[in-house]
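Novice: sharing a model that was predicted from the sequence below.
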Amino acid sequence: MTVDLVAENPENPREEYDKDYIASLAQNMREVGQIQAATVMTRLAFLVSHPEHKESIPSDREYVAIDGHCRLRAARQAGIDLRITVDDSPAGTREDLLAAALSANHFRKDLTPIEEAKAIEALVEFHGSAAAVVSVLGGAINDSWISTRRALLNLPEEIQQEVADKKVPIHIARKAGSLPTLEDRTAYVETKMAERAAAQAKKPKPVRGRAAAAAKRQTPTAPAPTAQAASPAAPASTVTTTPASSVPEPRTSTATDRDPAIDWSDPDSIAATILQRCSPTVVEGIAQKLLASL
């Protein structure tokens, strides 16, 4: 399906796109092909429930994207057709479409925490409770996750933007959002970010590249042990030697051989280590367990 026939969903909660991710996805789709089809609705089914969007959905578009906005943009950037699956079943209410978009985007790169929070808030207002939203979303998220996301909307708009831009860690923003006043929330974020900056400044900068190689060459090595001479008083027949190959050399390591220590108080350091050492499947499993425990 040519991408010119597919419109983006104006009800999609995602507001920002990662340009580097779209470019990488476009290259992958151009070279490897589109692995998963994008889910779309017919324009007619969409506008029956959402006549207010008649002006925002051009008349020459036959479909509206429900799941696959990044794939749609990547296909457009790559200059290739988009493989789609037509599903008009979510048609009904604005909340139906919002829930479908949120479910499709959950645990993916598409949504920022603030976009997730806004989508959740709209669903809670419509359905009446967090428990009802959990049921609507098929158990993909739990009550605790919903409450922590909704707390982000208590933050000032400028801090919300910093959370969306990944300048303020989610664990700091989540705690700040639960404080009673706007001043308390702002002060908490400022204090924690100052502490974070001070801690980062105290960390020794890792030595890499040529400097690391030079430091390793200059590291002194211990002299090889020499064989101990036999005692003159001992009879010649009692003196035995052991071949050097049968005695394992003690394993030694230098600071440059060891993995750098992980700062368990720094979420970015922890996340970087997990992404570096674990497969995508393991990373997804870790993320689900952490979210379930919140």
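Specialist: That came through, no problem. Numbers count the residues shown, from 1 in each chain.

Novice: show me the helices in the stretch 151-294 of the chain, by range?
Specialist: Assigned by DSSP state H, counting those that start in this stretch, the stretch 151-294 of the chain shows helices spanning 157-164, 170-177, 182-202, 209-218, 267-277, 280-293.

Novice: ok, which of these comes nearest Ala151?
Specialist: Taking C-beta to C-beta, helix 170-177 is the member of these nearest to Ala151, at 3.3 Å. (Glycine included, C-beta is placed from N, CA and C.)

Novice: show me what counts as buried in the closest one.
Specialist: Neighbour-count burial for helix 170-177 flags Ile172, Ala173, Arg174, Ala176, Gly177 (criterion: 16 or more other C-beta atoms under 10 Å).

Novice: show the contacting residues for the last one.
Specialist: Residues in contact with Gly177, defined by C-beta atoms under 8 Å, 6 or more residues apart in numbering, are Ala151, Leu152, Leu153, Asn154, Leu155, Arg185.

Novice: hang on, the fifth one packs against Ala176?
Specialist: Yes - with contacts counted by C-beta atoms under 8 Å, Leu155 reaches Ala176, the gap being 6.1 Å.

Novice: for Ile262, which non-adjacent residue is closest in space?
Specialist: Distances taken as C-beta to C-beta, 6 or more residues apart in numbering place Thr273 nearest to Ile262, at 5.5 Å, with adjacent residues excluded.

Novice: tally of neighbours for that neighbour?
Specialist: Residue neighbour count, defined by other C-beta atoms under 10 Å, stands at 16 for Thr273.

Novice: before we move on, what about the one 3 residues further on?
Specialist: Gln276 is flanked by 8 other residues according to other C-beta under 10 Å.

Novice: where's it relative to Glu11, distance?
Specialist: Note on Gln276: its distance to Glu11, by C-beta to C-beta, to the nearest Å, is 37 Å.

Novice: strands along the chain, start to end?
Specialist: In the chain, the strands defined using DSSP state E lie at 6-7, 38-42, 63-67, 84-86.

Novice: output the buried residues of helix 170-177 as CSV; include the columns pLDDT and distance to Arg43.
Specialist: Below are the buried residues of helix 170-177 laid out as CSV (pLDDT from 0 to 100; distance: C-beta to C-beta, whole Å):
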residue, pLDDT, distance to Arg43
Ile172, 94, 43
Ala173, 93, 38
Arg174, 91, 39
Ala176, 94, 42
Gly177, 93, 38
